[in-house]
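Asks: Got a predicted structure here, sequence first:
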Amino acid sequence: MPGGPRHYPALRRAVNRLDYAIPGRFEITKTGIVHDLPSPNRPHELTVARLRRHLGRALPANLLAHTGRPDVENTHLGILRRPDVMVIPWADMEGEGAFDPRTLVAAIEVVSRSNPGNDWVGKLRDYPLLGIPTYAIFDPRTGSGAVFSDIHATPGGPRYATRKDFFYGEPVTIGAWTISTEDLPEYP
């Protein structure tokens, strides 16, 4: 079943059922449901934890580096995403339901072994469409990554205009904050 607003209610119901029935993480994109298979992946989770800690130290008091749920959702576009780390104002943590993606300051993803295209292609397409101003990808497969910013209009829809590549060991700037990448693990 394709994605999009017309099919979104049925896709959302399916994801809600699948979340409890099948291991892994399900998201809804412009093209349908994406499934990241679970694997005992300590390097992925360690990277997420260290990024959250590094960002937490750099952020001002009104912002939080958050991991976990709730989801980031735009029902009008028919998109539901689950960033590994999101920078969001503390005030927007209050309330019920999914986060409005327009409240995110940045989304950070750690590339999974099972579906790297979800981070490098699908989320790179969806995050500017959702209005998330900064998107950072950390890729433990290569010990490198990229930060995308400056959303601009294109004939194919909103896209990031700026890409800054980095290697682990170099400081990386996400939004207005620079953090270390020296202690980030790579996949064996």
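Replies: Sure, I can see it. In this text the structure is predicted, and so the values were computed from the model without any measurement.

Asks: what's in contact with the helix or strand harbouring Asp126?
Replies: Taking DSSP states H and E as the criterion, Asp126 maps to helix 123-130. Identification of contacts with helix 123-130 by C-beta atoms under 8 Å, 6 or more residues apart in numbering yields 29-30, 72, 74, 77, 79, 81, 101-102, 107, 109, 135, 137, 148, 151, 157-160. (Glycine included, C-beta is placed from N, CA and C.)

Asks: And for Asp183, the neighbour number?
Replies: Other residues within reach of Asp183, judged by other C-beta atoms under 10 Å, total 12.

Asks: how close does it get to Ile151?
Replies: 31 Å (C-beta to C-beta, to the nearest Å).

Asks: From the chain's centroid, how far away is stretch 122-141?
Replies: 6 Å (C-alpha atoms, centre = their mean, to the nearest Å).

Asks: any idea of the mean pLDDT for that stretch?
Replies: In this model, stretch 122-141 carries a mean pLDDT of 95.

Asks: Check which helices and strands the longest helix along the chain sits against.
Replies: The longest helix of the chain (DSSP state H) is helix 42-58. Contact here means 3 or more C-beta pairs under 8 Å, 6 or more residues apart in numbering; DSSP states H and E; on that basis helix 42-58 packs against strand 63-66, strand 85-89, strand 106-110, strand 177-179.

Asks: hmm, back to that, mind giving me the PyMOL command for buried ones among the contacts of helix 123-130?
Replies: Of these, the buried ones go into a single PyMOL selection, burial set by 16 or more other C-beta atoms under 10 Å:
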select buried, resi 29+30+72+74+77+79+81+101+107+109+135+137+148+151+158+159+160
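
Asks: Out of the contacts of helix 123-130, name the ones that lie in strands.
Replies: Judged by DSSP state E, these include 29, 72, 74, 79, 81, 107, 109, 135, 137, 148, 151, 159-160 as members of strands.

Asks: Turn the helices and strands packed on helix 42-58 into JSON lines, columns for mean pLDDT and distance to Gly56.
Replies: Putting the helices and strands packed on helix 42-58 into JSON lines (pLDDT from 0 to 100; distance: least, C-beta to C-beta, whole Å) gives the following:
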{"stretch": "strand 63-66", "mean pLDDT": "95", "distance to Gly56": "5"}
{"stretch": "strand 85-89", "mean pLDDT": "95", "distance to Gly56": "10"}
{"stretch": "strand 106-110", "mean pLDDT": "96", "distance to Gly56": "12"}
{"stretch": "strand 177-179", "mean pLDDT": "96", "distance to Gly56": "10"}
